[in-house]
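Peer 1: structure here, sequence nowhere to be found:
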């Protein structure tokens, strides 16, 4: 089965808004084996909507239309699509009651314009909108499937997720099971080489790389859900990439580290140089973090490394601030002075200046210590300053994850 | 004049790539008064490209086509467009030489496939590609203008910028001048109300809101550049929003603060609680920052506020960690203990828990001090945890900017 996506709205054509809806829909359709043939972005203009809708219905099985369902004058999608389908548009009294209820519940005044949102295209099934006032619609005509969805992503996404489950999966009569494998420390193309021998017709594989992380999405569709699950599980078991995997599905490295710290009742602190607070800030994005995170120090200057972390002047002189020795002294200083259980330090050269012959831009030392152990990992990253800072944070959390698992699990 | 944008490529339709090219082109066309009528995303498929190109040329003055100019088998845009225009496609020997030169310069081996990129559509003007191997093309036929541009944004953007200047501006025979006014502390719609009385036919206004900042882009096009500039300057002078403006064009709050600190040779440090290192990290994204930034402390727990910043136990007991008193003691502690010239502290409730009856989620105190002065600003922000942290950082830099200007300029 194939589909065409039509996004309606001047704000996308003007470039005020990035068309994330099309990507969201495409990705999700791909997962259930429905391909996207074309994507049209068109104006809030009756004649264009009618023309493109008609042509799209001719050319594909499924037409998904987003935007133009709101209450303002330029919201004319309902009217245009009813014309394109040659179906009537009528005021649905139940929809109107629902709408009045939403407004009275929220103490909003319902203006005359809002009544538009209670109009239903003949033969349409209503898709309730849990995040806004404009309901979506689903229409089947001559074995073609048309979906009308609201434009705002926060309304569209939950509605689309329900549609994918209810309608489109049933259309293809197959159940879907999918799992995301999260990896670090290996490039996308290298990873693909490694897992390619295990590809088979029962599964679909997509890889997505970002910031040094590569996600592998494994999907299987089958008439029986447990079969689909088995196909995915078998693939995941067989591919021999254990050492690159750090999590599955919604996992983030920060969440995994947070849970390990919580489980073992460990207090952590960071001593950051080149990342300037980024690692601490990434951890404190998580709610409830104060349970494991009392403090961190950002020691950008040599003096602050000496005064706040007891790094030895001589070590700085002999090895330089960007060195294994300094990374380790930062770590132990943090533990000893501030009563922490675990510490992590980073020192490196983020660029674009500050490099020397022996110390290139992207050279980073990550130190980790508890009361009995300390380790230091040297990495060399490429990219610009901000990229190097971001990747350092990611690698730091991955090293921390490995350290915590090895020493405490 | 109006235009249609056609993006070619399965990777966009599959959702692997977000279509940022369409937005980039739309925004830039809008600035020179060329509207976008439609945007089509289509497959790498000769028949589709021919059909949509023909229809687009019928319906609008300018057709901009991106993608499918590379060397691989699915790059068929040249061939398809030459068909749509009924123009020949031929091997251009000069283009071939250029191509061979690029490859030999970079020590790459030129494969047979690469020769495709030396084919030129009859009557096309070549647009050199400074960032890649595939050249762009410009064709005028029957008073219609067709542009072929490569898909990768880093190749497309510089090429498009040159086109806008050279061709499209000349088409409209008008020169453009534009200025971005950067504001904070006022909502987009309120701001629009304030500046609306000064709107006139000589200028175009666009507002873009993000993260609590609102940019106003003022553009004027005129046969004479100095007239366009005068139109923009007159508008900027007349609108009475001085107190919300913090910068122009490429300014960021961090850059402005960095420059003020550098100019007055001031060393700064932060004492962060709810932002957990975000403010420090945002400043250290700037290269050369070590000149003004020796250290920061992230004091998440009450104990760390006491031990590291000399905040009084009694102040914490009587007022709570989220209070004006604590924010100010954090600031003066930081200055007195660590030999800094300026300090900034933040304490607040980022949520989703931790609020009390008197202290709602989003309550934030920002303290600023130097050796002679201290101030504290109370703000209440809305949004989720990460949004509140981000906005706090933004407001902190804005308060710092105002403090530095008031006390040092």
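Peer 2: Now that the structure is in, tell me what you want to look at. These numbers were taken from a predicted model, which means no experiment stands behind them.
Peer 1: tell me who's in contact with residue A:116.
Peer 2: A:71, A:75, A:78 (CB atoms under 8 Å, 6 or more residues apart in numbering or on different chains). For glycine as for every other residue, the C-beta is placed from the backbone atoms N, C-alpha and C.
Peer 1: and these, which is closest to residue B:119?
Peer 2: Using CB to CB, residue A:75 comes nearest to residue B:119 of those, at 45.7 Å.
Peer 1: residues contacting the closest one?
Peer 2: Taking CB under 8 Å, 6+ apart, one finds A:44, A:68-69, A:116 in contact with residue A:75.
Peer 1: make TSV out of those residues and add secondary structure and pLDDT.
Peer 2: TSV is the format used below for the contacts of residue A:75 (DSSP: H, G, I helix; E, B strand; the rest coil; pLDDT from 0 to 100):
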residue	secondary structure	pLDDT
A:44	coil	90
A:68	coil	92
A:69	coil	91
A:116	helix	88
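Peer 1: does chain B have contacts with stretch A:156-165?
Peer 2: No - Stretch A:156-165 does not reach chain B (CB under 8 Å from any CB of the partner chain); its nearest approach is 12.5 Å.
Peer 1: element containing the spatially closest residue to residue A:318 that is not a sequence neighbour?
Peer 2: Excluding the flanking residues, the one nearest residue A:318 by CB to CB, 6 or more residues apart in numbering or on different chains is residue A:325, at 7.8 Å. Here residue A:325, judged by DSSP states H and E, is contained in helix A:324-338.
Peer 1: which is the succeeding secondary structure element to that helix?
Peer 2: Assigned by DSSP H and E, the successor of helix A:324-338 is strand A:342-348.
Peer 1: show me what secondary structure element comes after that following strand.
Peer 2: Strand A:342-348 is succeeded, C-terminally, by strand A:363-369 (DSSP H and E).
Peer 1: could you tell me the angle between the very next helix or strand once past that next one and strand A:342-348?
Peer 2: The C-terminal neighbour of strand A:363-369 among helices and strands, as given by DSSP H and E, is strand A:374-380. On the basis of axes from the mean of the first three to the mean of the last three CA atoms, to 10 degrees, strand A:374-380 is oriented at 30 degrees to strand A:342-348.
Peer 1: what residue is smack in the middle of chain A?
Peer 2: residue A:250 (8.5 Å; CA atoms, centre = their mean).
Peer 1: okay, that residue: pLDDT?
Peer 2: Residue A:250 carries a pLDDT score of 86 in this model.
Peer 1: what does residue A:243 give?
Peer 2: At residue A:243, pLDDT is 89.
Peer 1: could you give the number of residues near the residue nearest to it when sequence neighbours are not counted?
Peer 2: In this structure, residue A:243 finds its nearest non-sequential neighbour in residue A:185, 7.6 Å apart by CB to CB, 6+ apart. Residue A:185: 16 surrounding residues under other CB atoms under 10 Å in any protein chain shown.
Peer 1: hang on, residue A:185 packs against residue A:244?
Peer 2: Yes - between residue A:185 and residue A:244 there is a contact at 5.3 Å, judged by CB atoms under 8 Å.
Peer 1: off-centre distance for whichever strand or helix holds residue A:256?
Peer 2: For residue A:256, the element it lies in under DSSP H and E is helix A:253-263. Put simply, helix A:253-263 sits 19 Å off its chain's centre (CA atoms, centre = their mean, to the nearest Å).
Peer 1: now the angle between strand A:342-348 and the next helix or strand after it, please.
Peer 2: Next along the chain after helix A:253-263, taking DSSP H and E as the criterion, comes strand A:268-272. Calculated by the same axes, to 10 degrees, strand A:268-272 forms an angle of 10 degrees with strand A:342-348.
Peer 1: quick check: angle from strand A:268-272 to strand A:363-369?
Peer 2: 150 degrees.
Peer 1: by contact count, what packs against strand A:268-272?
Peer 2: In terms of contacts (3 or more CB pairs under 8 Å, 6 or more residues apart in numbering or on different chains; DSSP states H and E), strand A:268-272 is packed against helix A:278-283, strand A:295-299, helix A:324-338, strand A:342-348.
Peer 1: got CSV for the ones you listed, with mean neighbour count too?
Peer 2: Output for the helices and strands packed on strand A:268-272, formatted as CSV (neighbours: other CB atoms under 10 Å in any protein chain shown):
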stretch, mean neighbour count
helix A:278-283, 28
strand A:295-299, 29
helix A:324-338, 22
strand A:342-348, 28
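Peer 1: I'd like the ones you listed as JSON lines, with mean pLDDT appended.
Peer 2: Below are those laid out as JSON lines (pLDDT from 0 to 100):
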{"stretch": "helix A:278-283", "mean pLDDT": "98"}
{"stretch": "strand A:295-299", "mean pLDDT": "98"}
{"stretch": "helix A:324-338", "mean pLDDT": "97"}
{"stretch": "strand A:342-348", "mean pLDDT": "98"}
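Peer 1: out of these, which is closest to residue A:189?
Peer 2: Using CB to CB, those put strand A:342-348 closest to residue A:189, at 26.4 Å.
Peer 1: and that closest one, is it in reach of chain B?
Peer 2: No - contact of strand A:342-348 with chain B is not found when judged by CB under 8 Å from any CB; the minimum separation is 11.9 Å.
Peer 1: got the phi/psi numbers for the residue nearest to the centre of chain A?
Peer 2: Torsion angles at residue A:250 (phi, psi; degrees, to the nearest 10) stand at phi -90, psi 0.
Peer 1: that one and residue A:215: what is the separation?
Peer 2: 11 Å (CB to CB, to the nearest Å).
Peer 1: same check, this time on residue A:370
Peer 2: Taking CB to CB as the measure, residue A:370 falls 31 Å from residue A:215.
Peer 1: for residue A:16, same thing?
Peer 2: On the measure of CB to CB, residue A:16 and residue A:215 end up 30 Å apart.
Peer 1: coming back round to it: want to throw the helices and strands packed on strand A:268-272 into CSV with distance to residue B:330?
Peer 2: What follows is the helices and strands packed on strand A:268-272, written out as CSV (distance: least, CB to CB, whole Å):
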stretch, distance to residue B:330
helix A:278-283, 16
strand A:295-299, 12
helix A:324-338, 17
strand A:342-348, 22
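Peer 1: ok, which of these comes nearest residue B:313?
Peer 2: strand A:295-299 (16.5 Å).
Peer 1: off-centre distance for that closest one?
Peer 2: 29 Å.
Peer 1: direction included, what does it pair up with?
Peer 2: Sheet pairing of strand A:295-299 (DSSP bridges) gives strand A:268-272 (parallel), strand B:295-299 (antiparallel).
Peer 1: compute the inter-axis angle for the last one and helix B:324-338.
Peer 2: Spelled out, it's strand B:295-299. 140 degrees.
Peer 1: ok, the first one next?
Peer 2: Relative orientation of strand A:268-272 with respect to helix B:324-338: 50 degrees, computed using the same axes, to 10 degrees.
Peer 1: what's the spacing between strand A:268-272 and its chain's center?
Peer 2: That offset, for strand A:268-272, works out to 26 Å (CA atoms, centre = their mean).
Peer 1: what's the answer for stretch A:264-273, then?
Peer 2: Distance, centroid of stretch A:264-273 to centroid of chain: 26 Å (CA atoms, centre = their mean).
Peer 1: contacts for that stretch?
Peer 2: A:260-261, A:278-280, A:283, A:292-300, A:305, A:309, A:321, A:330-331, A:333-334, A:338-348, A:370, A:404, A:408, B:277.
Peer 1: now the lengthiest helix in chain A: buried residues?
Peer 2: Taking DSSP state H as the criterion, chain A has its longest helix at helix A:385-408. By neighbour count on 16 or more other CB atoms under 10 Å in any protein chain shown, the buried set for helix A:385-408 is A:385, A:387-401, A:403-404.
Peer 1: I am finished for the moment; much appreciated.
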